[in-house]
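Novice: A structural model of the following input is requested.
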Amino acid sequence: MPYVLVNTQMEISQLIVKNLPNIYFTQFSWALKIVSSSNEHQSIACLQSNILSSETTRERAKKLSNEIGSWHLDVKIDTVVSSLISLFCSLTGKTPQYKVDGGTNAENLALQNIQARVRMVIAFLLASLMPWVQTKGSFFLVLGSSNVDEGLRGYLTKYDCSSADINPIGSVSKQDLRRFLCWAAVNLGYPTLADIEAAPPTAELEPIRSNYSQLDEADMGMTYEELSMYGRLRKIFRCGPVSMFQHLCHRWCGRLTPAEVSVKVKDFFRYYSANRHKMTTLTPSYHAESYSPEDNRFDLRQFLYNTRWPWQFRKIDELVRQDQVNNGISLTCNGPTETEISSDHGSGMGVPAANSANQYSGI
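Specialist: All right, here's what the predicted structure looks like:
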């Protein structure tokens, strides 16, 4: 029977779990249940921390490891990262700096990517050798941890901890994952998951300063709630830039003006198209939701786009101008009616959301 190494991000750490058939997914709650046996450690939780990792992160990882009954390891990756930076310095005579220390965006991104990719290498090293360390004649599979929203936005590094043999959460959005963590904290008896859900999402790859703290949503320029909406509209309703803009003008009427909606939609599609190539290298995902952008079998779209979207963006600008001339009437009246949203069938097209006969479920 193969072992499984769950190569997650630092917040939930790395998990090595025995017995693949003993991992159950329930479609309604997206629950992952790890079944372990009596006296022997059936899992190994490995936090790959660095000097930028907070003490809170380390404590949460250790508590979660204890709750699931796993052997906890805290692997410091700083020496490996420093060696790679030293190698670069010896080759070029230049030392890259983080943005908060005066470095360029290219330097800042490269320093973060080194850390992310080192974790992937270490995860596969552990997957190869931990059975030998434990004198067990089996092998490990590596499970990835990137979610739908990170994939759509491209907020991940190619060949980092998103690279694995299979990804159990790759077709689930951050919003749904957070709901699952709250559910699992109570129903699976892992209370630390509630603390993880309440923590602001952060990669912890940049130094913290008095005037700067790295947060996912600030980095991305959009919230996970917005990304979840974009993802459903893009996949379930097959929306492109123009139809997504029209729908969101109706949906966000009163919250945002059409001009503000246009900025958000354009930003999303620029990032989506520029980073779509990353989806072709992502680990195959467990198919749990109809909004999944999983590229290996489920969402077979082109991966090269014109990131300027010239026709679509011009059309959006034209609609914004028309709306301004019509004093905000033309756009906010578009989109599905309340009757259509509450209908069992609706009038749009697309694959119904999981566990729902209503195609507008979750929108």
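
Novice: where's R301 relative to V172, distance?
Specialist: Using C-beta to C-beta, to the nearest Å, R301 is found at 19 Å from V172. For glycine as for every other residue, the C-beta is placed from the backbone atoms N, C-alpha and C.

Novice: more neighbours, these two?
Specialist: Applying other C-beta atoms under 10 Å to R301 and V172 shows that V172 carries more neighbours, namely 24 against 11.

Novice: quick one, phi/psi of that one?
Specialist: Main-chain dihedrals, V172, degrees, to the nearest 10: phi -120, psi 140.

Novice: try the one 4 residues further on
Specialist: Here is the backbone geometry of D176 (degrees, to the nearest 10): phi -70, psi -30.

Novice: hang on, it packs against E289?
Specialist: Yes: look at D176 against E289 with C-beta atoms under 8 Å: they come within range, at 7.2 Å.

Novice: Now do the buried residues in stretch 256-276.
Specialist: Judged by neighbour count using 16 or more other C-beta atoms under 10 Å, the buried positions of stretch 256-276 are 257-258, 261-262, 264-273, 275-276.

Novice: what's the neighbour count on E206?
Specialist: Count around E206 with other C-beta under 10 Å applied: 20.

Novice: Tell me how far it lies from V100.
Specialist: E206 is 7 Å from V100, by C-beta to C-beta.

Novice: Walking through the stretch 101-250 of the chain, point out its strands one by one.
Specialist: 140-143 (DSSP state E, counting those that start in this stretch).

Novice: Any regions of it where pLDDT drops low?
Specialist: Within the stretch 101-250 of the chain, no stretch has pLDDT under 70.

Novice: Show me what the helix or strand containing T79 is packed against.
Specialist: Element membership for T79, per DSSP states H and E: helix 78-92. In terms of contacts (3 or more C-beta pairs under 8 Å, 6 or more residues apart in numbering; DSSP states H and E), helix 78-92 is packed against helix 105-133.

Novice: Pull out the buried positions in the helix it packs on.
Specialist: So, applying 16+ other C-beta under 10 Å, buried residues of helix 105-133: 107-108, 111-112, 114-120, 122-124, 126-127, 130-131.

Novice: Just give me how far it sits from the chain centre.
Specialist: 18 Å (C-alpha atoms, centre = their mean, to the nearest Å).

Novice: ok so, going back, which ones among the buried residues of stretch 256-276 are found in helices?
Specialist: 258, 261-262, 264-273, 275-276 (DSSP state H).

Novice: Closest to S163 out of those residues?
Specialist: Nearest to S163 out of these is N275 (C-beta to C-beta; 15.5 Å).

Novice: quick one, what contacts the closest one?
Specialist: 153-154 (C-beta atoms under 8 Å, 6 or more residues apart in numbering).

Novice: measure it to D323 for me?
Specialist: Distance from N275 to D323, by C-beta to C-beta: 30 Å.

Novice: do the same with G221
Specialist: Counting by C-beta to C-beta - G221 and D323 are separated by 24 Å.

Novice: Which one of those two is surrounded by more residues?
Specialist: Neighbours per residue, other C-beta under 10 Å: of G221 and D323, the larger number sits with D323, 20 against 13.

Novice: okay, now R232: neighbour count?
Specialist: If you count neighbours by other C-beta under 10 Å, R232 ends up with 23.

Novice: Relative to F140, how far out is L129?
Specialist: 9 Å.

Novice: cool, K94 as well?
Specialist: For K94, the distance to F140 - C-beta to C-beta - is 38 Å.

Novice: re earlier: give me the common contacts of E206 and V100.
Specialist: Y212.

Novice: Just the helices from this structure, written as ranges.
Specialist: According to DSSP H, the helices that the chain contains are 55-67, 78-92, 105-133, 148-153, 174-187, 192-198, 216-220, 224-235, 241-251, 258-279, 310-325, 338-342.

Novice: okay if I get these as TSV plus distance to N296?
Specialist: Below are the helices of the chain laid out as TSV (distance: least, C-beta to C-beta, whole Å):
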stretch	distance to N296
helix 55-67	29
helix 78-92	30
helix 105-133	18
helix 148-153	12
helix 174-187	20
helix 192-198	28
helix 216-220	24
helix 224-235	15
helix 241-251	24
helix 258-279	9
helix 310-325	27
helix 338-342	32
